[in-house]
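J.: Take a look and give me a structure for this.
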Amino acid sequence: TISMREKAASYIMPPQSIEVWGTPASGKEQFLGRISPGQPTALRSRRTMYFDIPLSPQKYREIRIKVNPVNPLPAWHPGKGTSGWVFVDEVVFN
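T.: Numbering: from 1, shown residues only. Model prediction:
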């Protein structure tokens, strides 16, 4: 689970996509999953969002998380055409 903030007026948007890669205890790095969160269609109040990326239960030596920001910001946004920001505040493994 990845916890993120959204405050579109400050260019802080949900990511375009989140990818998870992992290296098993013995082996090479593998692609484990991807999600593409929904995007707002207008400015809205600040919020915290949680995104779950299911992983198969096994031991990993390394986990790599790639978070891709919205680029460019949509036409309705005051900063349209520029890149958004992504703020991650917590990553939880269960």
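
J.: where exactly do the strands run in this structure?
T.: According to DSSP state E, the chain carries its strands in the segments 2-6, 17-24, 30-35, 47-51, 60-68, 87-91.

J.: Would you mind getting the angle between the last one and strand 47-51?
T.: Angle, strand 87-91 to strand 47-51, by axes from the mean of the first three to the mean of the last three CA atoms, to 10 degrees: 50 degrees.

J.: Tell me how far strand 87-91 lies from the chain's centre.
T.: 9 Å (CA atoms, centre = their mean, to the nearest Å).

J.: Okay, now the sheet partners of that strand, with direction.
T.: Paired neighbours of strand 87-91 in the sheet (DSSP bridges): strand 2-6 (antiparallel).

J.: Quick check: V86 vs P54, distance?
T.: 21 Å (CB to CB, to the nearest Å). Glycine gets a C-beta too; all of them are placed from N, C-alpha and C.

J.: Comparing the two, which residue is more hemmed in?
T.: V86 (20 against 9; other CB atoms under 10 Å).

J.: quick one: that one and V67 touch, right?
T.: Yes: counting by CB atoms under 8 Å, V86 touches V67, with 5.2 Å between them.
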